[in-house]
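**Student:** return a 3D structure for these sequence lines:
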Amino acid sequence: MMISSAAPALDLQGHRGARGLFPENTLPAFAKALEIGVTTLELDTAITRDGVIVVSHDATLNPDITRDASGQWIKRKDIAIHHLTWAELQQYDVGRIDPKSGYAGRFPRQRPVDGTRMPRLSDVFTLARRAGNTAVRFNIETKISPEHPQRTLPPEVFARALISLVREQKLESRVTIQSFDWRTLQVVQREAPQITAVYLSAQQVWQDNIRAGESSSPWTAGLHVSRFGSVPLMIKAAGGTVWSPYFGEITRDAVREAQQAGLKVVVWTVNNETDAARMLDFGVDGIISDYPDLTRKVAAARGITLPAATPVNP
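**Tutor:** Numbering: from 1, shown residues only. Alright, predicted model coming up:
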């Protein structure tokens with residue numbers, strides 16, 4: 001493959017590992033992303049009742065991907081991970097999607113791996129080390145919501161637990177911490193400035209932390225877009241250096257405004273070659289994808305510098 005050394009690098013992030021190809025946020029998914037070759041493993045975290053930081057997109061067990069010890073799909077949607085111990089959590093299998101769920105139709109290429117358990121964040125770090133990959137980064141989301149405070153630790157406690165583990169692993173320079181709940185990002189900036197905070201944003205019916213049509217938002221740490229004129233300028237005022245918006249809301253002008261304000265722009269979640277090409281045309285700094293293989297293909301065709309592939313058994 002011919003790669004121009006003069007071409008700008010792209011932060012190619014595997015979303016939840018490589019969710020389109022293997023069960024989300026599992027060691028098989030992260031191993032696949034490492035095998036493909038990504039700059040960053042994107043993942044989400046929750047904290048168990050006994051203080052173990054685990055990798056999960058949801059603060060509660062997701063019935064679409066979770067089976068109990070008897071092999072039955074769980075029915076309840078309100079089982080908070082924070083109310084379970086690590087040992088209790090290991091009774092659940094998250095190795096495939098319920099074929100009867102709407103979720104299954106969205107990811108027909110995902111390969112099931114029965115018997116897969118929810119990993120600890122430290123397990124993901126260990127996997128990268130076993131792959132011999134000392135360059136891959138970790139973009140770690142705090143799954144916390146001001147609208148459901150009973151499901152998780154408070155934002156300050158959650159952020160400090162994550163900071164402590166990152167420091168223990170000596171990975172400050174390779175970790176970013178992202179969140180829709182900007183309160184956690186303010187803690188990171190104040191108490192661990194060597195760890196980059198990433199400001200997630202969306203203004204969709206299914207996810208809206210900006211609340212532009214309201215007078216305030218519980219998600220944005222006391223700031224509101226009406227006082228700043230745009231989301232990038234609000235993030236700049238919050239002390240942020242990276243903006244991670246939903247790709248469907250992005251325009252070329254928005255990317256330019258953010259970059260002129262000194263922000264990097266990393267978009268989510270881009271899952272086909274056409275959209276990936278459009279984002280590259282806009283000049284984004286990074287792309288988060290459930291199919292990092294497709295994004296890598298588009299980037300390679302443009303001569304963009306790409307990370308090395310580092311295969312490893314999960």
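
**Student:** give me the nearest residue to residue 136, chain neighbours excluded.
**Tutor:** residue 128 (5.3 Å; Cβ to Cβ, 6 or more residues apart in numbering). The way it works is simple: take the backbone N, C-alpha and C, and place the C-beta from them, glycine included.

**Student:** what's the answer for residue 76, then?
**Tutor:** Using Cβ to Cβ, 6+ apart and skipping the chain neighbours, the partner closest in space to residue 76 is residue 63 (7.2 Å).

**Student:** can you check residue 312 too?
**Tutor:** Per Cβ to Cβ, 6+ apart, closest to residue 312 is residue 131, 3.6 Å.

**Student:** so that neighbour versus residue 124, what's the distance?
**Tutor:** To residue 124, residue 131 is 11 Å away according to Cβ to Cβ, to the nearest Å.

**Student:** and those two? Which one has more around it.
**Tutor:** Neighbour count, other Cβ atoms under 10 Å: between residue 131 and residue 124, residue 124 has more, with 24 against 18.

**Student:** which parts of the stretch 1-150 of the chain are helices?
**Tutor:** Remark: helices assigned in the stretch 1-150 of the chain by DSSP state H, counting those that start in this stretch are 27-36, 86-89, 102-106, 121-130.

**Student:** quick one: closest of those to residue 149.
**Tutor:** Of all those, helix 86-89 sits nearest to residue 149, with 20.7 Å by Cβ to Cβ.

**Student:** now that closest one: how far from the chain's centre is it?
**Tutor:** Here the centre of helix 86-89 is set off from its chain's centre by 23 Å, with Cα atoms, centre = their mean, to the nearest Å.

**Student:** okay, buried residues for it please.
**Tutor:** 86, 89 (16 or more other Cβ atoms under 10 Å).

**Student:** which ones are touching the nearest residue to residue 228 once chain neighbours are set aside?
**Tutor:** Leaving out its chain neighbours, the residue that sits closest to residue 228 by Cβ to Cβ, 6+ apart is residue 234, at 4.2 Å. Contact partners of residue 234, counting by Cβ atoms under 8 Å, 6 or more residues apart in numbering, are 220, 223, 224, 225, 227, 228.

**Student:** which strand in the protein has the most residues?
**Tutor:** The strand that spans the most residues within the chain, counting by DSSP state E, is strand 40-47.

**Student:** now it and helix 27-36, what's the angle there?
**Tutor:** Strand 40-47 runs at 160 degrees relative to helix 27-36, counting by axes from the mean of the first three to the mean of the last three Cα atoms, to 10 degrees.

**Student:** so which strand or helix has residue 159?
**Tutor:** Per DSSP states H and E, residue 159 falls inside helix 155-168.

**Student:** tell me which stretches of the stretch 151-300 of the chain form helices.
**Tutor:** Remark: helices assigned in the stretch 151-300 of the chain by DSSP H, counting those that start in this stretch are 155-168, 182-191, 231-237, 252-260, 273-282, 292-301.

**Student:** dump those helices to a markdown table, plus mean pLDDT and distance to residue 41.
**Tutor:** Listed next are the helices of the stretch 151-300 of the chain as a markdown table, based on pLDDT from 0 to 100; distance: least, Cβ to Cβ, whole Å:
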| stretch | mean pLDDT | distance to residue 41 |
| --- | --- | --- |
| helix 155-168 | 98 | 14 |
| helix 182-191 | 98 | 18 |
| helix 231-237 | 98 | 23 |
| helix 252-260 | 98 | 24 |
| helix 273-282 | 98 | 18 |
| helix 292-301 | 98 | 10 |
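
**Student:** appreciated, that's everything.
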